[in-house]
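S.K.: The following comprises the amino acid sequence and a computationally predicted model.
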Protein chains: 4
Amino acid sequence: MLYFENDYCEGAHPAILQKLTDTNMEKVSGYGTDPYCESAKEKIRRACDCPGADIYFLAGGTQANAVVIGAMLKRYEGVLAASTGHIGCHEAGAIEYTGHKVLELPHKEGKIQADALREYLKDYYADQNHEHMVFPGMVYISHPTEYGTLYTRQELAEISAVCSRYELPLFLDGARLGYGLASDGTDVTLADLAVYTSVFYIGGTKVGALCGEAVVFPEKAPAHFFTMIKQQGALLAKGRLLGIQFDTLFTDDLYRKISRNAIETANALRKTLRENSYRFFIDTPTNQIFIILENGQMERISRDVKFGFWEKYDDTHTVVRIATSWATKPEEIQNLSELLAAYRHRADV
Amino acid sequence: MLYFENDYCEGAHPAILQKLTDTNMEKVSGYGTDPYCESAKEKIRRACDCPGADIYFLAGGTQANAVVIGAMLKRYEGVLAASTGHIGCHEAGAIEYTGHKVLELPHKEGKIQADALREYLKDYYADQNHEHMVFPGMVYISHPTEYGTLYTRQELAEISAVCSRYELPLFLDGARLGYGLASDGTDVTLADLAVYTSVFYIGGTKVGALCGEAVVFPEKAPAHFFTMIKQQGALLAKGRLLGIQFDTLFTDDLYRKISRNAIETANALRKTLRENSYRFFIDTPTNQIFIILENGQMERISRDVKFGFWEKYDDTHTVVRIATSWATKPEEIQNLSELLAAYRHRADV
Amino acid sequence: MLYFENDYCEGAHPAILQKLTDTNMEKVSGYGTDPYCESAKEKIRRACDCPGADIYFLAGGTQANAVVIGAMLKRYEGVLAASTGHIGCHEAGAIEYTGHKVLELPHKEGKIQADALREYLKDYYADQNHEHMVFPGMVYISHPTEYGTLYTRQELAEISAVCSRYELPLFLDGARLGYGLASDGTDVTLADLAVYTSVFYIGGTKVGALCGEAVVFPEKAPAHFFTMIKQQGALLAKGRLLGIQFDTLFTDDLYRKISRNAIETANALRKTLRENSYRFFIDTPTNQIFIILENGQMERISRDVKFGFWEKYDDTHTVVRIATSWATKPEEIQNLSELLAAYRHRADV
Amino acid sequence: MLYFENDYCEGAHPAILQKLTDTNMEKVSGYGTDPYCESAKEKIRRACDCPGADIYFLAGGTQANAVVIGAMLKRYEGVLAASTGHIGCHEAGAIEYTGHKVLELPHKEGKIQADALREYLKDYYADQNHEHMVFPGMVYISHPTEYGTLYTRQELAEISAVCSRYELPLFLDGARLGYGLASDGTDVTLADLAVYTSVFYIGGTKVGALCGEAVVFPEKAPAHFFTMIKQQGALLAKGRLLGIQFDTLFTDDLYRKISRNAIETANALRKTLRENSYRFFIDTPTNQIFIILENGQMERISRDVKFGFWEKYDDTHTVVRIATSWATKPEEIQNLSELLAAYRHRADV
């Protein structure tokens, strides 16, 4: 069985386990005050070209979203997000649980547009009844998006400009950020994120860590962010677990290198899929590939390959997701390619 | 200046003030345990042909929505509502403040369709990841809707059937229920509501009371609903204020009679508007009339008439709302009709 | 049956009903923007000698507490209150429902002491782990307290000074404020409250209104307080109901005059009780009188008088509360006095 | 410098890291559905002699408390806990953040008493106003307590009986459970917990894991507990991280063995302290030792030893905590013992 279901089915990059083992019996202070957290933060600040950034480590993506959004919004505010955004769809109402509404924006391949954002805000403030409505309090985007697509620096700058105009923090969910940075499909860098966002996070869980997301505030974290992390049950006593992982990922460019593996293996797969006339649901430059399979064909392939069922396309077709990762091996791609070629008959006939 | 901005710009029906005055110095127990609340409940039970109904009085519509929904949903559930629903748009996030998501359904003139509801629920449970999503926990409809439209008994029965099939409570927001009951545009009665919904409320604030909504659970209120009302700050010490009002409204058919006044005056206005070729934004059978005015025309009319600005129609036109009420007098309709006839030039030239 | 159970068993002062009736058919704007709210605010500002105060009207005491505290606390903060405070005991967890902890201080006859407050705050900030604890975010006091006792201006000034030192807002719950202002037991005036607190409210529900509390921010309400009121379901569409009541209460000194009636009738009762050697549980200068009755005696008296059972005193005695109000009539006092004299045998033998 | 500040200053027991490394490249499914979670659950069920237990893994103690309590309480309920309970003191209001009040009970060396609990509940239901108060909805105890003390089986049975009588779930916080099970100071076993509680957790973070607590429902978890974990941001994508750790801890009795090390080293220390006439603040049978030091003495010792400052004892003395752990080595105890003997002059002279 070939396994392409997601990018979090293995443990951690071996260098991480090695470092955890090497440092294991050192006695350090708790709650993220240890030297490994400090070192990791310093390395991330350098990688972001942002020496003054405030950085915190959290254990997972939904947690990072709920903690950051819950900490930054005022009580009467909601968060603007694409209707496809993870926070609005697949986090079991974690944002609403903190008392805040997710305000939906239309999306284009998973991305919001600066124009649509501007229009929403203009209309909102033009509405004489807007004090009876949820105030827009911040903007959430994901990069890569839930559809594997990427913003360009230009798009990011435009969205950021609208946010500045309305004094809204821009928050970028980077659960798969490594794959976005390593992709050929955008010019956005870590340093750009530090310029254009108010807060973003660098995903570890899906990019080679056992767990962990590094939340970066280029300017300043909200006052008492530490206490709010605790208040949401998200403070690890052994903060070293997160610090050591990010310290390793940001040593010798490891984060970029292992992300690049996912992109290269995905590129190879995309080539095979195109050569065999598979039909793409969406054109993505990252490690997630969405194709449309005829249901019978899907059923047959699924005997040999584990992939993700994404959504129904029509009565006879389904969108499936194939995901590569930091851990995907060339032979796995080779095997999958051969299999897909064998099933080469066009997906939609 | 003619005032047609809304249906809550006067105080209360005089009979209510009279009754408040007549009973004023009687000493009664607090928190809704007084004989007037009891009498009002009994009269409402009879009006609903539902002798076993549990009834509670709350002060306003947003409060009723937040208390009922907050009390009936389980923690991991959200409430399904039309995208135009009051709870999702104009209640400042009161539902999310209780920790719950408003799950949007498409609407047709403010109404949800049984088919769309069924499809949503089928897709939800078919989604292998639905345990990562907000569970649909109840269905919210408003009757009349925010657009002044009404469900038929048949539509209500169909929606109710889908709810039963998925074991979802159906909640009907009747902030303007009187106008729905008195309209010629539907066959839905109070007794129907007791059959087809799990909970609904009979609006007082917009139908002749100073304040107050009567929340009716045809079967049984959630356990400790009283305490949850208190927990949300919605328990009035002098519950008599609400009991006396509803006792009056449900004596001698007053609620229906005063609601009918709003319908008849609205019907007269609709006739004038049609005769003068005004353009309707939506065809409504209740006390809210939505017409499309050219912006210059709107500006001129607004010197003499107060109405509600509803939404931008296009760059040169605006949707405005004219509302009649229990208190609208024939001479007001006469004056407005003459004025509108004077501005008879078609709205859209 | 004589009724001394509480101070909210009648309707409203007749002048209020008269004013509601006189203004009933005037068409005014909603949500507290009407001229009666404006007039009431202006009169309250004058009564408080505080021309710049921001004033909002809410429907009840628990609601006022939950809305004010919920709006003023930061997310990681709790509210300090006497362990006997209403918010911690008898509001069904309304504060916790907004996500905030009630931090308990010791009390002395229902009052907190500046020294105890200072010590709490000193210890809190001295604790190296305080970032793992709930931050003290405001101080809540009630005046009169739940035990009917009153702060002196000196005590209030001292508590206020500690609050200022730690930058904590001081919030005074004045659900029965009228009875505090009219009592001979303190020198605190409305103008003092505007000087020493950050926010307080003037209770209407228990002092002659049908419902309503006037929330006074001597300096400035929190940004978007209006929206937060709506978010908590506490915004009345017909704001006039509250405005007209407070406009009446603050015309011709009515609020003070009717409060004084409660004090004078309570004073007369206290005299009778003393003369007949009843045992006081606590010495109060307001409209609430707490006495200790032997259980058999209590049972006998309760056949003729409705009073409040407060708490068990010991196995054979109970603390009961007798409350006068704005509406208590001399003949009621006369009747009760005679009855109590008839049962003159000492309560504790 | 000797480090006795807490029991979570090292990484994990080496067997855990070894197992993480051995299984690292295996591809498994996410969110706790992997075979290691399954195996760990099965081993825990056996250790608890409770084959039908529902088990979930969470990352930390505050998280476990907030998720379990937030999932089990009804909306109008609070959780009863000793006034010294972790949830009421040192979790930054995490319980209140879920909307629930922590109801305080008096404590005796950190433990609640069945009698005090019974009395609280009796008084609560006897109070005619209890529907205006927070309902007691579950009982929280910690074992070992925050003071390192332990319940006996008899005490646990009595508390459990009161809970059953009032139909309240009993929840046991076992953040340091291993040290309780390995102590000579109680007869409580894992199997007893499965009999006497409704839910408890087996602490990993403080007993040799990198992170993780195993939440055990001897009968059945609340419906949709999985979704509520996600809703609180507590669901790890790589659930294997927790499963592998607990699988290791419950293989070959490792959890008990490493816990015993903490007890034996603590016993040795207690002996030294007694021999040198140090003054104990409280007599504990677990890995936490609380002694009273004169401030000057404390200052001198702290140059060589890191320990925890617990609380001020009086103006010249402080309570400090010395903690051993699964990782404490004999030579560390030897070194500390020598040092303490050198400072042998009685602490309180």
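M.R.: Sure, I can see it. Numbering: from 1, shown residues only, chains lettered A, B, ... in the order given.
S.K.: near chain D, which residues of the stretch 1-150 of chain A?
M.R.: When proximity is defined by CB under 8 Å from any CB of the partner chain, the stretch 1-150 of chain A lies next to chain D at A:3, A:5-6, A:8-12, A:14, A:17, A:20-21, A:23-30, A:59-67, A:91-94, A:97. Every C-beta, even on glycine, is put in place using the N, C-alpha and C of the backbone.
S.K.: Excluding chain neighbours, give the residue nearest to the residue located most distally from the centre of chain A in space.
M.R.: What lies farthest from the middle of chain A is A:Gln128; by CA atoms, centre = their mean that is 36.7 Å. With CB to CB, 6 or more residues apart in numbering or on different chains as the measure, B:Phe309 is the residue that lies nearest to A:Gln128, at 6.2 Å, once sequence neighbours are left out.
S.K.: any idea which helix or strand of chain A has the worst average confidence?
M.R.: Least confident element among the helices and strands of chain A, by mean pLDDT, DSSP states H and E: strand A:308-314 (a mean of 89).
S.K.: and the helix or strand following that one, what other elements does it pack with?
M.R.: Scanning forward in sequence from strand A:308-314 by DSSP states H and E, the next helix or strand is strand A:317-323. Packing contacts for strand A:317-323, counted by 3 or more CB pairs under 8 Å, 6 or more residues apart in numbering or on different chains; DSSP states H and E, involve strand A:288-294, helix A:295-301, strand A:308-314.
S.K.: just these: most buried one?
M.R.: Neighbour counts (mean count of other CB atoms under 10 Å in any protein chain shown) averaged over each of those peak at strand A:288-294, with a mean of 22.
S.K.: Relative to that one, what are the paired strands and their orientations?
M.R.: strand A:279-282 (antiparallel), strand A:317-323 (antiparallel) (DSSP bridges).
S.K.: Those into TSV, with extra columns for distance to D:Asp252?
M.R.: Rendered in TSV, the data for those read as follows (distance: least, CB to CB, whole Å):
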stretch	distance to D:Asp252
strand A:279-282	50
strand A:317-323	37
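S.K.: hey, which of those is tucked in deepest?
M.R.: For those, the stretch with the most neighbours on average is strand A:317-323, a mean of 21; neighbours defined as mean count of other CB under 10 Å.
S.K.: Any part of the next helix or strand along the chain from that strand near chain D?
M.R.: Following the chain from strand A:317-323 toward its C-terminal end, the next helix or strand by DSSP H and E is helix A:330-342. No. Under the criterion of CB under 8 Å from any CB, chain D is not reached by helix A:330-342; the shortest gap measures 9.9 Å.
S.K.: likewise stretch A:205-215?
M.R.: Yes. Applying CB under 8 Å from any CB, one finds that stretch A:205-215 is in contact with chain D at A:Thr205, A:Lys206, A:Leu210, A:Cys211.
S.K.: got a markdown table for these, with secondary structure and neighbour count too?
M.R.: Written out in a markdown table, the entries for those read as follows (DSSP: H, G, I helix; E, B strand; the rest coil; neighbours: other CB atoms under 10 Å in any protein chain shown):
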| residue | secondary structure | neighbour count |
| --- | --- | --- |
| A:Thr205 | coil | 25 |
| A:Lys206 | coil | 26 |
| A:Leu210 | coil | 29 |
| A:Cys211 | coil | 27 |
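S.K.: Now for these: which two are most distant?
M.R.: In terms of CB to CB, the residues of stretch A:205-215 next to chain D reach their longest pairwise distance at A:Lys206 and A:Leu210, which sit 11.4 Å apart.
S.K.: For the stretch 1-150 of chain A, which residue gets nearest to chain C?
M.R.: Of all residues in the stretch 1-150 of chain A, A:Tyr76 sits closest to chain C, with a separation of 4.6 Å (CB to the nearest CB).
S.K.: helix or strand for the residue nearest to that residue when sequence neighbours are not counted, which one?
M.R.: Spatial nearest neighbour of A:Tyr76, excluding adjacent residues (CB to CB, 6+ apart): C:Thr227 at 4.6 Å. With the criterion set as DSSP H and E, the secondary-structure element containing C:Thr227 is helix C:225-231.
S.K.: do A:Cys163 as well
M.R.: Element membership for A:Cys163, per DSSP H and E: helix A:153-165.
S.K.: hey, C-alpha coordinates of that helix in CSV?
M.R.: Output for helix A:153-165, consisting of C-alpha atoms alone and laid out as CSV, is shown next (Å, rounded to 0.1, in the frame of the first residue of the first chain):
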residue,chain,number,x,y,z
ARG,A,153,4.2,39.0,-2.7
GLN,A,154,2.1,41.5,-4.6
GLU,A,155,-1.2,39.9,-3.5
LEU,A,156,0.1,39.8,0.1
ALA,A,157,1.2,43.5,-0.1
GLU,A,158,-2.3,44.5,-1.4
ILE,A,159,-4.1,42.6,1.3
SER,A,160,-1.8,44.0,3.9
ALA,A,161,-2.4,47.5,2.6
VAL,A,162,-6.2,47.1,3.0
CYS,A,163,-5.6,45.8,6.6
SER,A,164,-3.4,48.8,7.4
ARG,A,165,-6.0,51.2,6.0
